[in-house]
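Asker: below are the sequence and a predicted model for it; my questions follow.
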Amino acid sequence: MTIPLQTGYVYGPVVSRRFGSSLGINILPTDEKVCNFDCVYCQYGASVKEEDFSFPPAEEIKESAEKHFLWMQGQSVSVDWIMIAGNGEPTLHPKFSRIVDDLKRLRDTYLPGVKLGILSNASSCFKPEIQNALSKLDRCFMKLDAGYHSLFRRLNAPQGSSDQANLIWSDIIDGLYHLPKGVIQSLFVTGKVDNTDPKDVQEWVRAVDYIHPEEVQIYTVDRPTRVEGILPVEKQKLDEIAKRLTSTTGIPAHVFV
Ligand code: SF4
C-alpha cells in the first residue's frame, strides 16, 4: 500500500523538519507516477511506462503556480521553500528548463525571498541543459543512496538493462560532481534490501567524498513503501553513518527522522 499521488500542480504548504514550510510544485501528470527509477521504498508505488502518459503543458503549470503565488501574496501566507518535486522525477519533463525560468520569474514577482529548490533523483543532472537549469535554483536536493552500482540497481531500480543502469550510475556520479549548490539526500533502509552494511556505508562515503557536496541529509523511510519488507533504520545507526561521513570527509551531515 502506497500513498495517493498529488492531484494538482501546486500542493501544500507541507511542514517538515528538513525544509520547514514548503510549497510543492508537481510538474508531472496528476494521475501517474512518472520516474525512470522504481525505488523499493517509493511512497508512490510503481512507475508508469513511457508510452502510457503525456507531460502537462508548461503553460498550464505556469498559470496554476501564478494563481497560487498571487493568492499567497494576497493572504500573506509565508513559506520557506518552493520545492519542485511531486509525482516522480521532475527533470524528465521535456520543458524542464522553461518551467524553472517561469517559476523563478513568478517567485521573484510574488514571493521574493522564498527559496526555490528541487528534489531530484539526479539521473539527468549530467545533461548540460538540465545542469544549467538546476544551477538557477537556490538549492538542489539530489538522491544518492548507494556507493556502487549493483546496490544502486537493487535499491533504486533504474529502468533499462543492467548495462544502461551502469551507464546511468556513472552519469549520476559525474553529474553530481559538477553540480553547483548540490545537497545530497541519502535514504537508508534495512530489511529486504539493506544499504547500512559497513562495507556499503564505506563505498557510499567514498562516493560522497568524491562528489563533495555542500551538505548531506540522511533519513529513512517513514511512509508506506512500494516493496513490502523495506524497514526503517534506527536513529542511532543513522547518527553513526553521519558521524562516519563527517569524520572521514569533513562534509557536514544531518540526520532527519
Ligand atoms: S526516485 Fe523518487 S519518485 Fe522515483 S522511484 Fe525513487 S523515490 Fe519514487
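Answerer: Yep, it's here.
Asker: could you pull out the strands for this protein?
Answerer: All strands of the chain, identified by DSSP state E, fall at 10-16, 20-26, 81-85, 115-120, 139-143, 182-191, 215-220, 230-232, 253-256.
Asker: show residues contacting the first one.
Answerer: Contact with strand 10-16 is made by 21-26, 64-65, 68, 77, 79, 86, 256, as judged by CB atoms under 8 Å, 6 or more residues apart in numbering. Glycine gets a C-beta too; all of them are placed from N, C-alpha and C.
Asker: that strand: which residues count as buried?
Answerer: Going by neighbour count (16 or more other CB atoms under 10 Å), the buried part of strand 10-16 is Val10, Tyr11, Gly12, Pro13.
Asker: closest to Thr225 out of those?
Answerer: Distances from Thr225 to these, taken as CB to CB, are shortest for Tyr11 (21.0 Å).
Asker: beta-bridge partners for the closest one, please?
Answerer: Here Tyr11 sits in beta bridges with Gly24, as judged by DSSP bridges.
Asker: now the helices: where do they sit in the stretch 51-200 of the chain?
Answerer: With helices called from DSSP state H, counting those that start in this stretch, the stretch 51-200 of the chain shows them at 58-75, 96-110, 128-134, 149-156, 162-178, 198-211.
Asker: by mean pLDDT, show me the worst of those.
Answerer: If these are sorted by mean pLDDT, helix 162-178 sits at the bottom with a mean of 88.
Asker: could you pull up the contacting residues of the nearest residue to Glu89 once chain neighbours are set aside?
Answerer: Spatial nearest neighbour of Glu89, excluding adjacent residues (CB to CB, 6 or more residues apart in numbering): Cys35 at 4.5 Å. Counting by CB under 8 Å, 6+ apart, Cys35 touches Cys42, Ser47, Gly88, Glu89, Leu92, Asn121.
Asker: tabulate those (JSON lines), appending pLDDT, neighbour count and distance to the ligand.
Answerer: Shown next, in JSON lines, are the contacts of Cys35 (pLDDT from 0 to 100; neighbours: other CB atoms under 10 Å; distance: CB to the nearest ligand atom, whole Å):
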{"residue": "Cys42", "pLDDT": "95", "neighbour count": "24", "distance to the ligand": "3"}
{"residue": "Ser47", "pLDDT": "83", "neighbour count": "22", "distance to the ligand": "6"}
{"residue": "Gly88", "pLDDT": "94", "neighbour count": "25", "distance to the ligand": "5"}
{"residue": "Glu89", "pLDDT": "96", "neighbour count": "22", "distance to the ligand": "5"}
{"residue": "Leu92", "pLDDT": "95", "neighbour count": "19", "distance to the ligand": "10"}
{"residue": "Asn121", "pLDDT": "97", "neighbour count": "24", "distance to the ligand": "4"}
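Asker: winner for burial among the strands of the chain?
Answerer: strand 81-85 (a mean of 26; mean count of other CB atoms under 10 Å).
Asker: partners of that one in the sheet?
Answerer: Strand 81-85 has these strand partners (DSSP bridges): strand 20-26 (parallel), strand 115-120 (parallel).
Asker: now that strand - C-alpha only, PDB.
Answerer: Extracted C-alpha coordinates of strand 81-85, given in PDB (Å, rounded to 0.1, in the frame of the first residue of the first chain):
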ATOM      1  CA  TRP A  81      10.700  26.900   0.200                       C
ATOM      2  CA  ILE A  82       9.000  26.500  -3.200                       C
ATOM      3  CA  MET A  83      10.000  22.900  -3.900                       C
ATOM      4  CA  ILE A  84       9.800  21.300  -7.400                       C
ATOM      5  CA  ALA A  85       9.000  17.700  -6.600                       C
END
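Asker: could you give the angle of it to helix 58-75?
Answerer: Angle, strand 81-85 to helix 58-75, by axes from the mean of the first three to the mean of the last three CA atoms, to 10 degrees: 160 degrees.
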